[in-house]
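> structure, please.
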Amino acid sequence: MDSSSPIGMSTDTIIVPRDTLPAKLDSIPVALDTTNIKIDSTSIRKDSTHIGARRPPARKKKPVAIIETNEVFYFYPDNPEKIIQFTDTLISTRFFQYDPARSGAFDYATLGAVGGPMLPLFYQWEDRSGNRAGIDVFEPYIKYETDIKFFTKSKAFSDFYYSQGTEQNDHVFHGEFGRSFDNGIKLSVTHDRLIHSLNTSALPLNGQAFFPFPSAKNTSFLAGLAFQKPGNNYQAFVTYAHNEINQLYNGGIDRSDPVIPVTDLFDIIQSADTLDVGVSIPSAIEEESARLRFRMRAFALSQSFTLVGKNDSTAVTSRVFNIDHKVKYTSDLYRFSDTAFNEEYYGNLATDDRGARVVLNQNAWNNYFGLNTVKLKDGVEVPSILGDIRLGIRHQYARFDGEGYERIFNNVFAEGSWKINPIAALTLDVFGQVGVLDNIGDFRLKATAELQLGKLGILQGLIRQQRYSPSEYAQQNFVTQVPVWNNNFDKSFNSELGFKYLLPKQKLEAGLSYFLLDNHVYYDDSLNPAQKSGAINLLQLYLKKDFKWNIFHLENVVMVQQSTDEVIQLPDWWSRHSLYAQRKIFNNIMLARLGFDLRLNAPYFANGFNPALGQFFTQQERAVDLYPALDVHFGFVVETFRIFLKMENISSLLTTDVFYQVPYYPQKELAFRFGLSWRFLDQNSNKKSSDESNENTGQRSGSGAPINLPRL
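Prediction:
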């Protein structure tokens with residue numbers, strides 16, 4: 001089960017004619033719960049030759065076909081043995097969340113505009129090893145070369161999503177295409193585009209809140225080729241990833257204007273009518289002068305060769321030994337500039353009266369060599385004493401430079417993993433990585449356990465630790481060729497102990513985590529990086545539970561967290577609730593949904609944001625208050641076509657309070673949104689070879705790997 005996916009997703013109802021039921025069941029490539037199958041008795045034609053029989057209809061009703069997306073399987077290039085079934089999520093809550101800040105398991109705080117920097121509301125662990133730049137505020141938008149999906153069916157599959165606000169320059173697009181050919185070649189392409197640039201200031205309900213900008217244009221593009229010829233011991237994957245983040249900042253509400261005090265500005269905003277065409281509030285950056293460009297490119301070649309054994313379903317029982325290699329080149333650049341001088345706003349970052357400029361480049365080569373072994377029976381992994389073992393060594397050559405400095409690193413790590421099933425209901429998975437040569441002292445350890453309790457659910461446990469070097473940006477930075485800090489921070493040490501309990505039939509999930517953070521690096525209110533000496537303790541608890549009564553559904557996510565130090569600025573509690581009615585209409589052809597979404601979090605001193613710093617920083621000047629952010633939505637689905645209409649922040653019609661997630665950056669007022677999604681599966685491409693291929697068994701050609709659940 002994917003922890004980032006909303007729980008309680010609906011599944012498609014499969015309808016087949018009664019007289020074709022056995023054949024249909026036999027042709028379905030995966031296990032199917034036949035209790036959900038409805039019998040279409042209208043398609044049964046009676047024998048009119050019998051006395052008293054009715055006259056047959058002039059036109060025979062066309063049977064409803066099984067939705068083809070149930071036959072689509074895919075895998076990721078870094079784990080081709082794990083085949084995942086593409087599930088049709090119908091009209092789930094996630095479909096309405098076009099904003100990446102709200103589409104995950106837990107929400108992020110934003111600057112009030114779609115596409116801008118994000119701050120997690122729920123502390124999240126991040127794996128660290130080697131050297132990195134440290135620009136993480138755009139992480140939810142970034143797509144990596146390992147995120148591309150390769151589809152196993154010899155049919156063209158595509159998935160498109162589009163959402164737009166009141167203006168054309170406020171839209172989100174996602175497109176995905178995959179195709180598998182007879183010669184073992186697979187092609188996949190994924191494209192994402194987010195544009196938020198509101199230019200029509202006289203348009204009511206434009207969602208621009210109180211500013212004529214900021215603007216954002218974020219793009220990601222993934223492309224991949226896979227070479228997997230059935231029966232061949234060699235397979236390879238060529239992948240490419242391009243990400244580009246472009247931002248135009250306004251700096252939030254200007255709190256330094258001597259004519260209009262900050263308290264008066266807040267009063268003006270509060271008294272504004274939601275349906276007004278706009279409210280003129282001075283921003284910290286009045287001109288459109290503060291701009292950011294963040295570009296990331298990656299090219300990777302992964303290949304694997306089977307040394308001993310057969311890696312397909314033709315082998316009865318054998319232990320397979322593979323050799324793996326991956327080479328990856330990355331080229332990243334970060335550019336911020338503001339041609340207007342603002343010493344009071346930028347503080348120590350205002351080093352030149354002509355403006356501010358920050359430059360950071362990163363180029364890296366990564367090489368991995370490894371061996372792995374697993375026992376297969378009829379092409380399917382089976383438990384054994386040795387289990388699934390992987391050993392490897394990883395090398396990274398990284399070069400960082402800016403205006404005035406250059407640093408080069410050679411990172412070497414040895415790593416290994418061991419996954420076993422001592423009993424059928426228990427899975428143990430251990431991973432370890434240790435630094436060698438110049439990286440001695442760095443390490444990353446992780447151990448997980450999963451126990452299947454049958455009707456009582458699933459119990460999972462996790463423990464992990466890591467020691468790593470702080471980011472290069474936190475260690476050294478120049479602004480307009482002037483050094484503003486040069487640190488020599490100690491290495492950070494993190495630990496986590498976590499438990500998770502799932503009861504799928506009751507749509508219940510609960511989790512408990514304890515974190516220990518030592519030598520934590522953060523940014524303070526002086527706009528400088530700092531390191532907290534000593535340990536910080538953080539405790540988290542979350543609960544997900546769905547309720548259903550007739551056509552009414554209530555989905556809930558509640559979390560609480562507590563930190564022992566104020567350098568970790570997070571709300572003590574946060575919750576998200578979705579109440580909706582859902583049923584089929586128009587002779588069960590259309591599934592419709594109407595409901596509300598509510599978000600709440602405890603008041604707290606949320607981190608501030610400064611564009612020149614490019615990071616969120618701790619502050620104790622202004623708190624973010626409790627605000628009930630309420631949205632209303634309507635959507636429907638017909639087969640693989642979906643559409644939704646959404647009105648955001650209707651709470652602004654009921655209160656004069658203003659919604660903030662980050663201090664001095666008000667959220668949108670009342671705003672309208674619509675979106676649609678459409679999935680296609682080509683029924684004619686390579687039909688003969690598809691029907692004859694062993695891919696219809698749900699196994700990857702040449703792999704024999706079983707169908708697994710989506711990644712946890």
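> wait, Lys419 touches Lys446, no?
No - using CB atoms under 8 Å, Lys419 is not in contact with Lys446, being 11.7 Å away. All C-beta atoms are positioned from the backbone trio N, CA, C, and that covers glycine.
> identify the contacts common to these two.
Overlap of the contact sets of Lys419 and Lys446 (by CB atoms under 8 Å, 6 or more residues apart in numbering) consists of Val430.
> residues contacting Ser289?
Contact criterion CB under 8 Å, 6+ apart gives 338-340, 355 as the residues in contact with Ser289.
> let me fix that, I meant to ask about Glu176.
By CB under 8 Å, 6+ apart, the contact list for Glu176 reads 149, 158-160, 188-191.
> again, but for Gln615
The neighbourhood of Gln615, defined by CB under 8 Å, 6+ apart, consists of 137, 523, 609.
> before we move on, the earlier item: out of the contacts of Ser289, which are buried?
Among those, those that count as buried by neighbour count (16 or more other CB atoms under 10 Å) are 338, 355.
> so what's Glu287 closest to, chain neighbours aside?
By the measure of CB to CB, 6 or more residues apart in numbering, the closest residue to Glu287 outside its immediate chain neighbours is Ala340, 5.4 Å from it.
> which SS class is that neighbour?
Applying DSSP: H, G, I helix; E, B strand; the rest coil to Ala340 yields a three-state assignment of coil.
> need the pLDDT of Leu626.
At Leu626, the pLDDT value in this model is 94.
> check the gap between the residue nearest to Glu287 and Thr87 for me.
Ala340 is 50 Å from Thr87, where distance means CB to CB, to the nearest Å.
> do the same with Phe341
If you measure Phe341 against Thr87 using CB to CB, the figure is 54 Å.
> show me the contacts for Leu594.
By CB under 8 Å, 6+ apart, the neighbours of Leu594 are 580-582, 633-634.
> quick one: which of the residues you listed is nearest Val482?
Here the nearest of these to Val482, counting by CB to CB, is His633; it sits at 49.6 Å.
> quick check: Asn411 touching Arg132?
No - assessed by CB under 8 Å, Asn411 is found out of contact with Arg132, at 10.3 Å.
> could you count how many residues lie near Leu502?
Neighbour count for Leu502, taken as other CB atoms under 10 Å: 21.
> next one: Lys455
Residues lying near Lys455 (other CB under 10 Å) number 6.
> please apply the same query to Glu344.
Glu344 has 10 neighbours, counted by other CB under 10 Å.
> same thing with Gln506?
Number of residues near Gln506 (other CB under 10 Å) recorded here: 11.
> ok, it - contacts?
Lys545.
> for the residue nearest to Phe122 when sequence neighbours are not counted, grab phi and psi.
Distances taken as CB to CB, 6+ apart put Phe106 closest to Phe122, at 4.0 Å, once the chain neighbours are dropped. Taking degrees, to the nearest 10, you get phi -130, psi 150 for the backbone angles of Phe106.
> Phe106 touches Leu570, doesn't it?
No - in terms of CB under 8 Å, Phe106 does not count as a neighbour of Leu570; the distance is 10.9 Å.
> hey, what's in contact with both of these two?
With contacts defined as CB under 8 Å, 6+ apart, the residues shared by Phe106 and Leu570 are 120-122.
> where in the stretch 51-200 of the chain is pLDDT low?
51-71, 88-90, 154, 198-200 (pLDDT under 70).
> now do the helices in the stretch 51-200 of the chain.
Using DSSP state H, counting those that start in this stretch, the helices of the stretch 51-200 of the chain do not appear at all; there are none.
> do the same with the stretch 301-450 of the chain
For the stretch 301-450 of the chain, the helices defined by DSSP H, counting those that start in this stretch occupy 343-346.
> same question, the stretch 451-600 of the chain
Taking DSSP H, counting those that start in this stretch as the criterion, the stretch 451-600 of the chain carries its helices at 472-475.
> who's Val172 bridged to?
Here Val172 sits in beta bridges with Ser163, Leu194, going by DSSP bridges.
> sorry, back to before: please pick the buried ones from the contacts of Leu594.
580, 582, 633-634.
> can you put those in a markdown table and add pLDDT and distance to Phe227?
Conversion of the buried ones among the contacts of Leu594 to a markdown table gives the following (pLDDT from 0 to 100; distance: CB to CB, whole Å):
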| residue | pLDDT | distance to Phe227 |
| --- | --- | --- |
| Tyr580 | 96 | 45 |
| Gln582 | 94 | 44 |
| His633 | 95 | 44 |
| Phe634 | 96 | 46 |
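> restricted to strands, list the residues you listed.
With DSSP state E as the criterion, strands contain 580, 582, 633-634 from among the buried ones among the contacts of Leu594.
> with respect to Gly511, which of those is nearest?
The shortest separation between Gly511 and any of those is 24.6 Å, and it belongs to Tyr580 (by CB to CB).
> show the pLDDT at the closest residue to that closest one other than its chain neighbours.
Counting by CB to CB, 6+ apart, Gly595 is the residue found nearest to Tyr580 once chain neighbours are left out, at 2.3 Å. In this model, Gly595 is scored at 96, pLDDT.
> try the one 10 residues further on
The confidence metric pLDDT takes the value 95 at Phe605.
> over to Ala414?
For Ala414, the pLDDT comes out at 96.
> mind checking how far the nearest residue to Asp136 once chain neighbours are set aside is from Asn322?
In space, and not counting its chain neighbours, Asp136 is closest to Glu126: 7.8 Å by CB to CB, 6+ apart. With the distance defined as CB to CB, Glu126 ends up 29 Å from Asn322.
> neighbour count winner among those two?
Using other CB under 10 Å, the more surrounded residue of Glu126 and Asn322 is Asn322, with 20 against 10.
> what's the closest of the ones in strands among the buried ones among the contacts of Leu594 to Lys491?
Each of these was checked against Lys491 using CB to CB; the closest is His633, at 46.4 Å.
> so the closest residue to that closest one other than its chain neighbours is in which element?
With CB to CB, 6+ apart as the criterion, His633 has its nearest non-adjacent residue at 4.4 Å, and that residue is Lys646. Take DSSP states H and E as the rule and Lys646 turns out to sit in strand 641-648.
> partner strands of that strand, parallel or antiparallel?
For strand 641-648, the paired strands and their directions (DSSP bridges) are strand 629-638 (antiparallel), strand 671-681 (antiparallel).
> buried stuff in the last one?
Neighbour-count burial for strand 671-681, with 16+ other CB under 10 Å as criterion, is recorded at 671, 673-675, 677, 679-681.
> ditto for the shortest one
When neighbours are counted by 16+ other CB under 10 Å, the buried residues of strand 629-638 are found to be 629-631, 633-637.
> with distance to Tyr665 added, can I get those in a markdown table?
Compiled in a markdown table, these are given as follows (distance: CB to CB, whole Å):
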| residue | distance to Tyr665 |
| --- | --- |
| Ala629 | 14 |
| Leu630 | 20 |
| Asp631 | 19 |
| His633 | 24 |
| Phe634 | 29 |
| Gly635 | 29 |
| Phe636 | 34 |
| Val637 | 35 |
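> biggest separation within these, which pair?
If you compare every pair in the buried residues of strand 629-638 using CB to CB, the most distant one turns out to be Ala629 and Val637, at 25.6 Å.
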